[in-house]
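> Just need the structure, nothing else, for what follows:
(one chain, ligands or ions: 1)
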Amino acid sequence: MIEARFPMAITSRPRPLVAGNWKMNGTRASLSEIKAIADGYDVALQNRAALLICTPATLVLTAAAACLGSKLEIGGQDCHAKASGAHTGDISAEMLADSGASFVIVGHSERRADHGETSTIVKAKAEAALRAGLRAIVCVGETRAEREAGKTLAVVRRQVKGSLPEGASRWNTIIAYEPVWAIGTGLTPTIADVAEVHADIRKTLRGALGADTAGRMRILYGGSVKPDNAAALMAVANVDGALIGGASLKAADFLAIAAAYR
Ligand code: 13P
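From the prediction side, this is the model:
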């Protein structure tokens, strides 16, 4: 295990990404938190990790404007697979890009559960993101029932293979492993469980994309990441950053998590 990770750690460790997912939270009043994150994202931290906040679509334009001159990136939380058309209420990747987004989350478990999104749909959305010049954060993760049935690796493998966009590269695609039962619950998998799933995702990526791309593609962990557990989770092999829900809403908490990379 140690021998296997040592060369990769030295030669090709991807630059970590600490990403916030605000979900359906935030109004213009919350832009002060975005500004506080941008202000706290100093050069020392910029050298260690990329920072991103995925706001609700209503805030992408103003949040991106508030971040001009800062390295803090702004992203969306979902996009339609098509560029435009008769899809009331939907938002395209092109629209997010036009508003100043540089990333978009696709296939979050809340979208998979609440909107019936299959991996086929998620793949199409990820391809739309790439077409629009956005980087796609593709989410995968097992439910509690699947974990208890010993199906975690099989479920995650199937989701990764089924959701990866055509043309995926280390630059344009990020995987986020988010166990559904760890989201918003305060529960996290053990360090050993996180290590096992992330190593297995790396292996799946190697089979799909080859060793070079797979070794440099970022694999984020998400699910109840907080300031007090971030350092331990971010130190796990093959964890290249975090996707943070609740704790990303307050600049102080988000920056305290990002500080794990200082
Ligand atoms: P929490 O950090 O609130 O558990 O949410 C995780 C998540 O779903 C991020 O996408």
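> how much space between N25 and I191?
29 Å (C-beta to C-beta, to the nearest Å). In this view, the C-beta of every residue, glycine as well, is placed from N, C-alpha and C.
> Which pLDDT value belongs to S12?
Note on S12: pLDDT of 65.
> residue boundaries of the helices in this protein?
Ranges of helices within the chain are 2-11, 31-40, 43-46, 57-66, 93-98, 109-114, 119-131, 144-148, 152-163, 191-209, 211-216, 230-234, 251-258, based on DSSP state H.
> and the fifth one, which residues are buried?
Which is helix 93-98. Buried residues in helix 93-98, defined by neighbour count with 16 or more other C-beta atoms under 10 Å: 93-97.
> Over to stretch 247-259?
247-249, 251, 253-259.
> do the same with stretch 56-76
Quick answer for stretch 56-76 (16+ other C-beta under 10 Å): 56-57, 59-64, 66-67, 70, 72-76.
> Name the nearest of these relative to the ligand.
Of all these, G75 has the smallest distance to the ligand: 11.4 Å, by C-beta to the nearest ligand atom.
> Identify the bridge partners of that closest one.
C54, F103 (DSSP bridges).
> need the contact list for it.
19, 52-55, 60, 96, 101-105, 134, 137 (C-beta atoms under 8 Å, 6 or more residues apart in numbering).
> Would you tell me whether stretch 72-88 gets close to the ligand?
No: Stretch 72-88 is not in contact with the ligand by C-beta under 6 Å from any ligand atom; minimum separation 8.5 Å.
> end to end, how far does that stretch reach?
31 Å (C-alpha to C-alpha, to the nearest Å).
> so how far is D114 from whichever residue of the stretch 101-250 of the chain sits closest to the ligand?
As assessed by C-beta to the nearest ligand atom, the ligand sits closest to G245 within the stretch 101-250 of the chain, at 2.3 Å. Applying C-beta to C-beta, the value for G245 to D114 is 15 Å.
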